[in-house]
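>>> structural data only, the sequence is not supplied:
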């Protein structure tokens, strides 16, 4: 792979924006309103728009970051292994929570959109809004939705989840790091998992577990239900 000046600029800009957003997040006492991932996304959208940078070109120039997502995802296995004893103890309730949570999240979204908007494409795409982007794109397209629309809805769901869930869980007086993380991962997938690691390693481990299980459950169980809902 040949490294060009434009590629170095894209990588430096992306990393720099995230580091600046993270400092803002820390100074704001880790308020969900200034989540560094959300701030970085919208900041980079503005920058590449002002620079007249086509997104496909920007994506190509930052392919190294995309490559590193693989090892980063695999690295989630480390905290999972460290918390394996606790996971075994809670295996049955966690699986039941994941099954019910994944189905309710997708089915309710489809039903509400179909009821309010009566837009078939949006409804079908909404069925995948609670899983990680790679799964969401493939799943949405398999049921007749839009992959690109599903990707946007995933980002929106993650952003809203990280903004609202901390307050909701605080009101519910949920103190368990394991349950807190599992809820974040199920509802806000990658966004929630990143936020969970700010709380503790255990919280992040359970968020990663939830995110993975929700993706598998949703991909297998939801598509057969969708034709009955729209």
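Sure thing, it's come through. On a predicted model such as this, the values are computed, not experimentally measured, just so you know. Numbering: from 1, shown residues only.
>>> only C-alpha atoms for contact and neighbour calcs from this point on.
Noted.
>>> any buried residues in stretch 211-223, and which?
Within stretch 211-223, the residues that count as buried by 16 or more other CA atoms under 10 Å are 211-215, 217-219, 222-223.
>>> next SSE downstream of the helix or strand bottoming out on mean pLDDT in the chain?
Taking mean pLDDT, DSSP states H and E as the measure, the chain has helix 63-74 as its least confident helix or strand, at a mean of 77. Per DSSP states H and E, the first helix or strand lying C-terminal to helix 63-74 is helix 77-82.
>>> which residues are contacting the helix or strand following that following helix?
Heading C-terminal from helix 77-82, the first helix or strand you meet, by DSSP H and E, is helix 84-89. Residues from elsewhere that reach helix 84-89, judged by CA atoms under 8 Å, 6 or more residues apart in numbering: none at all.
>>> now helix 84-89: buried residues?
In helix 84-89, residues buried by neighbour count (16+ other CA under 10 Å) are residue 87.
>>> list the contacts of stretch 201-209.
Here stretch 201-209 has contacts from 76-77, 79-80, 83, 177-186, 189-190, 192-198, using CA under 8 Å, 6+ apart.
>>> just the buried ones from these, in PyMOL syntax?
Buried residues among the contacts of stretch 201-209 (16+ other CA under 10 Å), as a PyMOL selection:
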select buried, resi 76+79+80+83+177+178+179+180+181+182+183+184+185+186+189+190+192+193+194+195+196+197
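>>> quick one, helices of this protein?
Remark: helices assigned in the chain by DSSP state H are 5-27, 36-50, 55-61, 63-74, 77-82, 84-89, 91-116, 120-126, 133-142, 147-171, 177-199, 201-225.
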